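*Asks:* Need coordinates for the following:
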Amino acid sequence: MSDNQNLLAEQRRALILEEVRRRGGARVNELTRKLNVSDMTVRRDLDALARQGALEKVHGGAVPVAEASTHEPGFEAKSSLELSAKEDIARTAARMAQPGSAIALSGGTTTFALAQQLLDVPNLTVVTNSVRVADVFHAAQRSAGGLPPGRPGAATVVLTGGVRTPSDSLVGSVADAAIRSLHFDVLFLGVHGISVEAGLSTPNLAEAETNRRFVESARRVVVVADHTKWGTVGLSSFASLDQVDTLVTDGALTAGARAEIEEHLPRLVVAGEPAGDEADGREGPAGDPGTGAGGEG
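*Replies:* Numbers count the residues shown, from 1 in each chain. Okay, the predicted model is just below:
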């Protein structure tokens, strides 16, 4: 199957998911008319979305997943979803990290993909509550011959500590206290769900509190989330959309979702599309150095 056909399938499935969530369910025959595709194509799309846990198949159609707001899949389960989209998002978001800056990476599979793209950005100070993200940087240092983290160009990585969640994030009072005392130039934030009504949300109450601390300590907040996260609402909201500076997502976002996002967020960056200064990694006026490692936000 060609890349164009893959892209069309992702866009079609995003439209199906949007329809199911908006109406509380959809029938196969309704979706075939709306999308102008065959019955078999819609059924294959529903099968794919059901395997991802995005919806539940029922006789003749599909409905939203029951109790989705409280379900938190493990890291391995989430890492197999929307792989190409997460890689595209990671490559785009990595250009927003300035050499020598202090950044934070929350837990999640998209921030895990982003960490791998940040290995070549020199002199970063990285604070994370993700065991997986920290492992990316530590493994890179070991493969470089076991040189100390303080060598020229290497990232300095701070792992917050805390209680481990199913998604391999560290949360709780220890993590919250560590984050509260720090200041970041940019926070790269993965989310379970994002919507106009609920803002940014997660099914884990403790993770919501830790994410609040991240948002409060960051000079700029960049949300990295694939198109399936738009319209999803978790149990606990931890930030409103007006606290987000940039959303980086993928090209399978529907036109309706894109219009809604552009109405409520200062900046939308779609991976693979031109995005002016932001996509080139330039932030603000020339000569603005940011807070830098150890500075104040």
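*Asks:* mind listing the helices in the stretch 151-297 of the chain by residue range?
*Replies:* Here the stretch 151-297 of the chain has its helices, by DSSP state H, counting those that start in this stretch, at 173-180, 205-217, 255-264, 276-279.
*Asks:* for these, which one ends up most surrounded?
*Replies:* Of all those, helix 205-217 carries the top mean neighbour count, a mean of 21, counting by mean count of other CB atoms under 10 Å. In short, each C-beta sits where N, CA and C put it, glycine included.
*Asks:* What is it packed up against?
*Replies:* Using 3 or more CB pairs under 8 Å, 6 or more residues apart in numbering; DSSP states H and E as the contact test, the elements touching helix 205-217 are strand 170-171, helix 173-180, strand 184-190, strand 199-202, strand 236-239.
*Asks:* picking up where we left off before, so which of the helices of the stretch 151-297 of the chain gets nearest Val248?
*Replies:* Proximity to Val248 (CB to CB) singles out helix 276-279 among the helices of the stretch 151-297 of the chain, at 9.0 Å.
*Asks:* sorry, back to before: so can I have CSV of the helices and strands packed on helix 205-217 showing distance to Ala259?
*Replies:* Formatted as CSV, those follow (distance: least, CB to CB, whole Å):
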stretch, distance to Ala259
strand 170-171, 34
helix 173-180, 34
strand 184-190, 23
strand 199-202, 18
strand 236-239, 22
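*Asks:* now these in a markdown table, with distance to Trp230 and mean pLDDT?
*Replies:* As requested, those are exported to a markdown table (distance: least, CB to CB, whole Å; pLDDT from 0 to 100):
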| stretch | distance to Trp230 | mean pLDDT |
| --- | --- | --- |
| strand 170-171 | 24 | 93 |
| helix 173-180 | 26 | 95 |
| strand 184-190 | 14 | 98 |
| strand 199-202 | 11 | 93 |
| strand 236-239 | 15 | 94 |
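*Asks:* Mind checking the ones you listed for the one nearest to Arg213?
*Replies:* Among the helices and strands packed on helix 205-217, if distance is taken as CB to CB, the winner is helix 173-180, at 4.1 Å.
*Asks:* That closest one to strand 184-190, inter-axis angle?
*Replies:* Angle, helix 173-180 to strand 184-190, by axes from the mean of the first three to the mean of the last three CA atoms, to 10 degrees: 140 degrees.
*Asks:* Residues contacting helix 173-180, please?
*Replies:* 104, 127, 129, 158, 160-163, 209-210, 213-214, 216-217 (CB atoms under 8 Å, 6 or more residues apart in numbering).
*Asks:* Same list, those residues, but as TSV with distance to Glu263 and pLDDT please.
*Replies:* Listed next are the contacts of helix 173-180 as TSV, based on distance: CB to CB, whole Å; pLDDT from 0 to 100:
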residue	distance to Glu263	pLDDT
Ala104	27	98
Val127	32	97
Asn129	31	96
Val158	37	92
Thr160	35	93
Gly161	39	92
Gly162	36	92
Val163	38	91
Glu209	29	95
Thr210	29	96
Arg213	28	97
Phe214	25	98
Glu216	25	97
Ser217	28	97
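*Asks:* from what I can see Ala113 touches Ala90, true?
*Replies:* Yes: applying CB atoms under 8 Å, one finds Ala113 in contact with Ala90, separated by 3.9 Å.
*Asks:* thinking again about what came up before, list just the one of the helices of the stretch 151-297 of the chain that sits closest to Ala62.
*Replies:* helix 255-264 (18.5 Å).
*Asks:* For that closest one, name the packing helices and strands.
*Replies:* In terms of contacts (3+ CB pairs under 8 Å, 6+ apart), helix 255-264 is packed against helix 3-23, strand 268-270.
*Asks:* Quick check: phi and psi at Val58.
*Replies:* Backbone geometry at Val58, expressed as degrees, to the nearest 10, gives phi -130, psi 170.
*Asks:* Start the count at 105 instead of 1 going forward.
*Replies:* Fine by me, first position is 105 from now on; the one you just mentioned is Val162.
*Asks:* Val146 belongs to a helix, doesn't it?
*Replies:* Yes: with DSSP: H, G, I helix; E, B strand; the rest coil as the criterion, Val146 is part of a helix.
*Asks:* If we ignore the residues flanking it in sequence, what's nearest Val235?
*Replies:* Among residues not flanking Val235 along the chain, Asp272 sits closest, at 4.8 Å (CB to CB, 6 or more residues apart in numbering).
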